[in-house]
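> My questions are about this predicted structure, shown below with the sequence.
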Amino acid sequence: MKELVSFVTCGFPDKEFTKELGLMLKDAGSDRLELGLPFSDPVADGALIEKASLAAIKNGYKSTDAFEIASLLGKEIPSYFMGYFNSFFSGGFTAFCEKAAEAKVKGLIIPDLPFEESQKYLPKMESNGLVGISFLAVTHTDERIEKITKASKDFIYLVAFAGITGADKNEDLSLILQKVKSVTDTKVFVGFGVNEQTAKERAKGADGVIVGSAFTKILMDESLSSKEKLAKCAELSRNIKAQINE
């Protein structure tokens, strides 16, 4: 069974909504959650997630909100904090890892922390029962793919194309997926540009997909009530989960 990893921005529009959304996504077929930590300059994210992130900050988001959200959701569904370097280190990396572990977070996803740089932080993550999720891209050399793949645990985040989340691009992922699968049994999830139209194709040869902007687009629709947003996100989750497993 291929997995669906669903991204939500912590605190958008508020922390109580995020909790409700996470639980609803779990019931609607999502297998894991990426809990996005709002940041003022999310360099790997597209306009939609950037707007959601900035809106959460404007609405009063605090780092304590993310731990509170994770404390609830982490008991129900495997949950990972996704954010940018400064969010994890500004208050001390050791303290962050300890709090994340207490909140039942499974791992950390830090797109602006290069693989080589991340290695010196792994012992602190692992001593707190956390995994550091590695990124792979189609632009990587075979040597680098093998190096990162062999060191990866839990799952590998395969970036579908060079660019930002939510973009409408297409790359042939078959070769890199074959290479990864020849080296490891670690699961590979494809992210960036995954939505209801692209999920089935992106999931070919992979163990699942990561969806973020498609959910955020629904949440940014001001014509919808909170109840309608939750219902539409749940429907999207069910549809994508079904499509990638057809």
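Looks like it came in fine. Residues are numbered from 1 along each chain as shown.

> Which helix or which strand is home to residue 20?
Using DSSP states H and E, the element containing residue 20 is helix 15-27.

> what does that helix rub up against?
Here helix 15-27 makes contact (CB atoms under 8 Å, 6 or more residues apart in numbering) with 6, 8-12, 33, 35, 61, 65, 68-69, 72-73, 76-77, 79, 215, 219, 226, 229-230, 233-234, 237. (Glycine included, C-beta is placed from N, CA and C.)

> you'd agree residue 134 is up against residue 114?
No. The criterion here is CB atoms under 8 Å, and residue 134 misses it with residue 114 at 10.5 Å.

> who has more neighbours, those two?
Between residue 134 and residue 114, counted using other CB atoms under 10 Å, residue 134 has the larger neighbour count: 20 against 11.

> Give me the buried subset of the contacts of helix 15-27.
Neighbour counting with 16 or more other CB atoms under 10 Å marks 6, 8-12, 33, 35, 61, 65, 68-69, 72-73, 77, 79, 215, 219, 229-230, 233-234, 237 as buried within these.

> which ones among these are found in helices?
When DSSP state H defines the helices, the subset of those inside them is 65, 68, 69, 72, 73, 215, 219, 229, 230, 233, 234, 237.

> Let me have the residues you listed in a markdown table, extended by distance to residue 182.
Below are these laid out as a markdown table (distance: CB to CB, whole Å):
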| residue | distance to residue 182 |
| --- | --- |
| 65 | 42 |
| 68 | 42 |
| 69 | 38 |
| 72 | 39 |
| 73 | 35 |
| 215 | 33 |
| 219 | 39 |
| 229 | 42 |
| 230 | 41 |
| 233 | 36 |
| 234 | 37 |
| 237 | 32 |
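
> distance between the helix holding residue 20 and the chain's centre?
Relative to its parent chain, helix 15-27 has a centroid offset of 15 Å by CA atoms, centre = their mean, to the nearest Å.
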